[in-house]
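**Student:** Test case, fold it:
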Amino acid sequence: MIFSNEMLKEMAKDGVKVIHGNITSNIMPDLEWLKWLSYEPKFEKERIAYLNSKKVTDLSYEELEETSTYKRNKIMAKLFKIYGTNKCKEEEYMLVYDYMANESIEELMLSKLTKEELQYAKKEIIRLSKIPKEELNAKITKERTKENYPKLSMVDSYILHVISDINHNRNISNLSKLIGEQINHNNAMSAQNERSL
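**Tutor:** Purely as a prediction, here's the structure:
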């Protein structure tokens, strides 16, 4: 559902947390954003330290953009912590909502994982996508709780995000198939009833 700025401003005043993103198949998007924006892998810390060691006048245009992205991530992590509370000002509320609506959580995740972590994740995602539906549903349900999600490693959080989407799409596909079968059954019953009249 798309909200107008006026509606969002009213919700901000009332402390209503409007979530933008896929809430049907994943952990709540605001919790995912907070976890990933707050996370600084070792290679990112080293890169930030290197950029901070240079004079601003010596930074290239690309390095200035990179520095700006790192600073924006820190600011957004702080804002996500207070989003939907009485500590969140209206303009901050709007910033968080716009961020969720216009940025890609997947791109952020990929930017913070190493090549080795991504290779491991790929193998694990392939393995998990082949396990029985009930087992996968149970794993996702357990890991996406507010108690367990924060304890997951970053690579496991990424895997959960991807397999949740796979599982959601699989469930939608199964539901569509079931509905199609029910429609066919109903049509067959209607045709049989017409013939018997």
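**Student:** Could you count how many residues lie near E65?
**Tutor:** When neighbours are counted by other C-beta atoms under 10 Å, E65 registers 11. Every residue, glycine included, has its C-beta placed from N, CA and C.
**Student:** quick one: low-confidence ranges for this protein?
**Tutor:** Where the chain drops to pLDDT under 70, the residues are 1-4, 9, 11-27, 168-182, 184-197.
**Student:** do you know how far Y50 is from E63?
**Tutor:** According to C-beta to C-beta, to the nearest Å, Y50 stands 9 Å off from E63.
**Student:** more neighbours, the two?
**Tutor:** Applying other C-beta under 10 Å to Y50 and E63 shows that E63 carries more neighbours, namely 15 against 10.
**Student:** On the three-state scheme, the more buried one is what?
**Tutor:** helix (DSSP: H, G, I helix; E, B strand; the rest coil).
**Student:** now C88: how far from E106?
**Tutor:** 25 Å.
**Student:** Could you check which of those two is surrounded by more residues?
**Tutor:** Shown here are C88 and E106; by other C-beta under 10 Å, C88 has more neighbours (20 against 13).
**Student:** Please identify the helix or strand for that one.
**Tutor:** Per DSSP states H and E: C88 is located in neither a helix nor a strand.
**Student:** Leaving aside the residues adjacent along the chain, what's closest to it?
**Tutor:** Distance criterion C-beta to C-beta, 6 or more residues apart in numbering; nearest residue to C88, sequence neighbours excluded, is I82 at 4.5 Å.
**Student:** isn't the one you found right up against M76?
**Tutor:** No - using C-beta atoms under 8 Å, I82 is not in contact with M76; the gap is 11.3 Å.
**Student:** Comparing those two, which residue is more hemmed in?
**Tutor:** Higher neighbour count among I82 and M76: M76, with 22 against 14, using other C-beta under 10 Å.
**Student:** Tell me both backbone torsions, phi and psi, for that one.
**Tutor:** Main-chain torsions, M76, degrees, to the nearest 10: phi -70, psi -40.
**Student:** Geometric centre of the chain: which residue is closest?
**Tutor:** In the chain, the residue lying closest to the centroid (C-alpha atoms, centre = their mean) is P29, at 4.6 Å.
**Student:** doesn't M100 make contact with it?
**Tutor:** Yes - between P29 and M100 a contact is recorded at 6.1 Å, counting by C-beta under 8 Å.
**Student:** ok, N137 to S164 distance?
**Tutor:** Counting by C-beta to C-beta, the gap from N137 to S164 is 10 Å.
**Student:** Please disregard the earlier target; I meant Y149.
**Tutor:** With distances taken as C-beta to C-beta, Y149 is found 11 Å from S164.
**Student:** Same question for Y39.
**Tutor:** If you measure Y39 against S164 using C-beta to C-beta, the figure is 19 Å.
**Student:** Okay, helices next: where are they in this structure?
**Tutor:** Shown for the chain, the helices assigned by DSSP state H span residues 5-14, 29-38, 42-53, 61-82, 90-102, 105-112, 115-128, 133-143, 154-196.
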